[in-house]
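Undergrad: Fold the following and give me the result.
(chains A, B, C and D)
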There are 2 protein chains.
Amino acid sequence: MTGFMFSEAANVTERRQQPPALAISTVIFALRPSASSGRPVLWLPLVRRIREPFRDHWALPGGPLTQAESLQDAAARNLQETTGLVPKYLEQLYAFGGLHRSPGQRVVSIAYWALVQPTEAALAEESINVKWFRADKLQQLAFDHNEIVNYALWRLRNKMTYGTIAYHLLGEKFTLAQVREVYEAVLDRALDPANFRRQLTADRQIEATGEYLQGGKHRPPRLYRYTGALAADKYDNFDDDDLDGKAAAVP
Amino acid sequence: MTGFMFSEAANVTERRQQPPALAISTVIFALRPSASSGRPVLWLPLVRRIREPFRDHWALPGGPLTQAESLQDAAARNLQETTGLVPKYLEQLYAFGGLHRSPGQRVVSIAYWALVQPTEAALAEESINVKWFRADKLQQLAFDHNEIVNYALWRLRNKMTYGTIAYHLLGEKFTLAQVREVYEAVLDRALDPANFRRQLTADRQIEATGEYLQGGKHRPPRLYRYTGALAADKYDNFDDDDLDGKAAAVP
DNA sequence: TTAGTTCAGGTCATCATGACTGTAACTCTT
DNA sequence: AAGAGTTACAGTCATGATGACCTGAACTAA
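TA: Numbers count the residues shown, from 1 in each chain, chains lettered A, B, ... in the order given. Okay, here's the model as predicted:
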């Protein structure tokens, strides 16, 4: 034992009265049809801070962790309070615990990211304190929330390239072009329609319904269905911990 | 504003006296030459619990988060106290926050995983309260630490297949066979020597020194050097947070 | 000298991918 | 009604990565 842990003994009393606070923040992603092209674009809701620090800056929805709920539940509740919707996907992102993240009391934030499918009403219903922003062009946010959003975006794009999260952003039936548009919106680049189609049709977890999508200004595309299991965050609702840190002294 | 957050007002006082405790636990991996074959095998150090709950069970090294250090620093210090070594690699794994992880007070554990290169002395120097175990055959650990170890192992193997962490477990100069043995030890399967060589030699970040490793019972292999940058955990020492959860009320 | 070992460089078939072409099927315009 | 415009759908071709396998080189040990 090095004694390092108590090297700032003068602060111990103050620390015990003010332990690090635990908060949950969530990056919420949703697709919204572009006004011009009609193709989906990635958006996220932010909340306006009504107190110092960073008063009137935009920030991620979040709040303190209450004793009664798990981390995942806290994130889901927060999300529901912000968007009024149940998340299609929710995954833990990272625990941010730098010493000076927040002026004043130290705060450790456990960040989550989520996918939602907002109704038209939920997207339109903005207040002065909650607003939707395009994920790709964000202004300066409160605290380090820009970094959190960028990390979440990176994770989302990663999962999109070799995963099945795209189907969390689609309905039960969809055309292959709609799937491609989801990919293009998230990855922010055009994909070759023919090659994309080849990959999806090689996937046995996607099967064609007999139906076709009518109403377009061109040849009606087939409607498909995703038959595989949709992934969920594996690591939650775990039970364990270790508090007797002193037993960890070196052999 | 829903007021949901304070819907259990009766418990607020109790909660404020016992907020969720924050702890850091670390899964520490090291390679150790097999007694029989001499090839490296994956090991990790565990500590014996000296108190209830799970008294006399083996557990991950860890301890409470003090006010004065970042999450990463807390993990690094803990690791140093356990193995006596400086980590070659340290990365945040996951925040475990289930309601009943620990009997009694609620605890949220932020888990890290690390790679170390222990000296012979550090590996041999076991006490009654700290012991090295093979990563692939673990007994039942305290709390949910088996799941944490398994998750860390999964992450390690993932990073090994498409990353550069292997070089954190090697010295400055190494033979290609030694790199392959590291991969085989972590992934727990044999790799084709010729194909493995082809991949590594195609990597421009690996260059041959002029030297050869002498002393083997066969043709002396070349010694190589890794010239690329070794990855570190990107997301640490961040500064931000959001406490005013009430601003997150739905529009 | 010979056997045993690993090192090192190579071939071959297979598969995934990006770039690209052509035809089918529908709507809209004139 | 004919043609233009658009997308759906099916296919080709070259390329690169990969797994399986082969051969000779260079060293040690018997």
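
Undergrad: Need the phi and psi values for the one residue in the stretch 1-150 of chain A that gets nearest to DNA strand D.
TA: Proximity of the stretch 1-150 of chain A to DNA strand D (C-beta to the nearest atom of the strand) peaks at A:Ser37, 9.2 Å away. Glycine gets a C-beta too; all of them are placed from N, C-alpha and C. Here is the backbone geometry of A:Ser37 (degrees, to the nearest 10): phi -90, psi -20.

Undergrad: State the helix or strand in which whatever residue of the stretch 51-200 of chain A ends up closest to chain B lies.
TA: Closest approach between the stretch 51-200 of chain A and chain B, counting by C-beta to the nearest C-beta: A:Gly63, at 1.9 Å. A:Gly63 belongs to strand A:62-64 when elements are defined using DSSP states H and E.

Undergrad: right, and the helix or strand after that strand?
TA: Next element after strand A:62-64 (DSSP H and E): helix A:71-83.

Undergrad: For A:Gly163, the count of nearby residues, please.
TA: Look at A:Gly163: counted by other C-beta atoms under 10 Å in any protein chain shown, it has 12 neighbours.

Undergrad: Make sure it is actually in contact with A:Ala231.
TA: Yes: the pair A:Gly163 / A:Ala231 is scored as a contact, 6.8 Å apart, by C-beta atoms under 8 Å.

Undergrad: Got the confidence number for A:Ala121?
TA: Among the per-residue scores, A:Ala121 holds a pLDDT of 81.

Undergrad: quick one: it from A:Thr83, how far?
TA: 11 Å (C-beta to C-beta, to the nearest Å).

Undergrad: Which residue of the two possesses the greater neighbour count?
TA: A:Thr83 (27 against 8).

Undergrad: Quick one: residues contacting that one.
TA: A:Ile28, A:Ala30, A:Pro45, A:Val116, A:Pro118, A:Ala122, B:Val250 (C-beta atoms under 8 Å, 6 or more residues apart in numbering or on different chains).

Undergrad: What does the pLDDT read for the fifth one?
TA: Listed pLDDT for A:Pro118 reads 91.

Undergrad: Farthest pair within the contacts of A:Thr83?
TA: Farthest apart among these by C-beta to C-beta are A:Ala30 and B:Val250. That separation is 14.3 Å.

Undergrad: quick one, the longest strand seen in chain A and strand B:21-33 angle?
TA: Counting residues, the longest strand found in chain A (DSSP state E) is strand A:21-33. Taking axes from the mean of the first three to the mean of the last three C-alpha atoms, to 10 degrees, one finds strand A:21-33 and strand B:21-33 inclined to each other by 80 degrees.

Undergrad: And strand A:21-33, what does it pack against?
TA: When contacts are defined as 3 or more C-beta pairs under 8 Å, 6 or more residues apart in numbering or on different chains; DSSP states H and E, strand A:21-33 packs onto strand A:40-48, strand A:62-64, helix A:71-83, strand A:107-115, helix A:145-161.

Undergrad: Identify the residue nearest A:Trp58 in space, chain neighbours excluded?
TA: A:Leu46 (4.1 Å; C-beta to C-beta, 6 or more residues apart in numbering or on different chains).

Undergrad: Next, count neighbours for the one you found.
TA: 25.

Undergrad: I figured it hits A:Lys131, correct?
TA: Yes: between A:Leu46 and A:Lys131 a contact is recorded at 6.1 Å, counting by C-beta under 8 Å.

Undergrad: if I look at those two, which residues touch both of them?
TA: Common neighbours of A:Leu46 and A:Lys131 (C-beta under 8 Å, 6+ apart) are A:Trp58.

Undergrad: next one: phi and psi at A:Trp58?
TA: phi -90, psi 140.

Undergrad: pretty sure it is touching A:Lys131, no?
TA: Yes: between A:Trp58 and A:Lys131 there is a contact under C-beta under 8 Å: 7.2 Å.

Undergrad: of those two, who's got more company?
TA: Taking other C-beta under 10 Å, A:Trp58 and A:Lys131 do not tie; A:Trp58 has more neighbours (20 against 13).

Undergrad: Is there a neighbour count for A:Arg155? I'd like the number.
TA: 16.

Undergrad: how about it, what does it touch?
TA: Applying C-beta under 8 Å, 6+ apart, the residues contacting A:Arg155 are A:Glu91, A:Leu93, A:Trp113.

Undergrad: at 7 Å what do you get?
TA: The contact partners of A:Arg155, taken as C-beta atoms under 7 Å, 6 or more residues apart in numbering or on different chains, are A:Leu93, A:Trp113.

Undergrad: So A:Tyr167, which state does it fall into?
TA: Following DSSP: H, G, I helix; E, B strand; the rest coil, the label given to A:Tyr167 is helix.

Undergrad: burial of it, as a residue count?
TA: 21.

Undergrad: So what sits opposite the closest residue in space to it that isn't next to it in sequence in the bridge?
TA: Nearest non-adjacent residue to A:Tyr167, counting by C-beta to C-beta, 6+ apart: A:Tyr226, 4.5 Å away. Taking DSSP bridges as the rule, A:Tyr226 bridges to A:Ile206.

Undergrad: need the contact list for A:Tyr226.
TA: Neighbours of A:Tyr226 in contact, by C-beta under 7 Å, 6+ apart: A:Tyr167, A:Gln205, A:Ile206.

Undergrad: before we move on, what about A:Tyr212?
TA: A:Pro220, A:Pro221, A:Arg222, A:Leu223.

Undergrad: Bridged to it, which residues?
TA: A:Arg222.

Undergrad: What distance do you get for it to B:Gln214?
TA: 71 Å.
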